[in-house]
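dropping the sequence and predicted coords here.
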Amino acid sequence: MDNFDIGKVKEIGASGKAWMGYNSRNIADLLFEELENAQHTIQISSFSIGNDTDVLNRFFHLLEKKLNDSTFEISMIVNDDGKKNSHNLFAQKKINELKFNKPKQFFAEFFIQTKINNLNKILHAKLVVIDGTTALVCSSNLSKGALESNYEIMLKVTGQVAIELSQMLHKLRLDIENKTA
């Protein structure tokens with residue numbers, strides 16, 4: 001049999017009362033710890049971003065803090081359903097502020113939802129890649145409910161798979177910029 005070892009699962013994050021334990025830790029703690037530990041880059045893909053809550057304020061404050069280092073870069077891709085359900089006015093304002101204040105460091109793209117043969121083409125992937133070497137692959141969006149009460153899973157992975165996820169996010173960002181996504 002072929003060797004399919006392309007990375008290692010280092011940790012499991014979970015939310016939802018019944019999922020606590022099982023060698024997992026709190027999903028929000030895992031996310032914020034990895035974001036804090038980032039040294040050079042953060043790449044984010046999310047289907048939606050939540051409302052003006054303590055969790056989302058903490059998230060955007062952390063991004064702002066990282067961008068105080070002029071060599072740090074953050075890229076974010078968020079689905080855009082055209083109805084502001086995937087990113088509300090709070091998230092839109094925060095993203096636009098970061099784009100305006102740090103245009104050479106913060107790159108945000110909205111994946112425009114389109115119809116193809118009666119099916120919606122959306123960005124549903126929820127990923128965070130730290131420094132191109134550690135990936136958080138999860139079911140959770142960036143919202144208070146996802147990080148505190150929903151039943152969500154997050155895997156912290158390293159190795160070649162994290163490197164490839166970073167490359168995939170970079171390519172998607174470029175394809176969105178070039179309108180070829």
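Cool, the structure landed.

please, which helix or strand holds the nearest residue to E109 once chain neighbours are set aside?
If the residues on either side of it in the chain are set aside, E109 comes closest to I176, at 4.2 Å by C-beta to C-beta, 6 or more residues apart in numbering. (Each C-beta comes from the backbone N, C-alpha and C, glycine too.) Assigning secondary structure by DSSP states H and E places I176 in helix 160-177.

tell me which residues are up against stretch 91-105.
49-51, 56, 60, 63-64, 67, 70, 72-74, 76, 78, 84, 87, 106-108 (C-beta atoms under 8 Å, 6 or more residues apart in numbering).

again with stretch 123-136
Here stretch 123-136 makes contact (C-beta under 8 Å, 6+ apart) with 10, 13, 30-31, 34-35, 37-47, 77-79, 111, 113, 137-141, 154-158, 161-163, 165-166, 169, 172.

centroid residue for this protein?
Ranked by distance to the mean C-alpha position of the chain (C-alpha atoms, centre = their mean), the top residue is I44 at 3.1 Å.

residues touching H170, list them.
By C-beta under 8 Å, 6+ apart, the contact set of H170 is 43, 75.

about what we covered before: okay, and which of the contacts of stretch 123-136 map to strands?
Counted as lying in strands by DSSP state E, out of the contacts of stretch 123-136, are 10, 13, 41-46, 77-79, 111, 137-138, 154-158.

please indicate which of the residues you listed are buried?
Among the ones in strands among the contacts of stretch 123-136, those classed as buried by neighbour count (16 or more other C-beta atoms under 10 Å) are 13, 41-46, 77-79, 111, 137-138, 154-158.

and the pLDDT at S149?
pLDDT, S149: 86.

leaving out the residues flanking it, which one is nearest to it?
Distances taken as C-beta to C-beta, 6+ apart put S15 closest to S149, at 6.6 Å, once the chain neighbours are dropped.

is the one you found in contact with S140, as I believe?
Yes. Using C-beta atoms under 8 Å, S15 makes contact with S140 at a distance of 7.1 Å.
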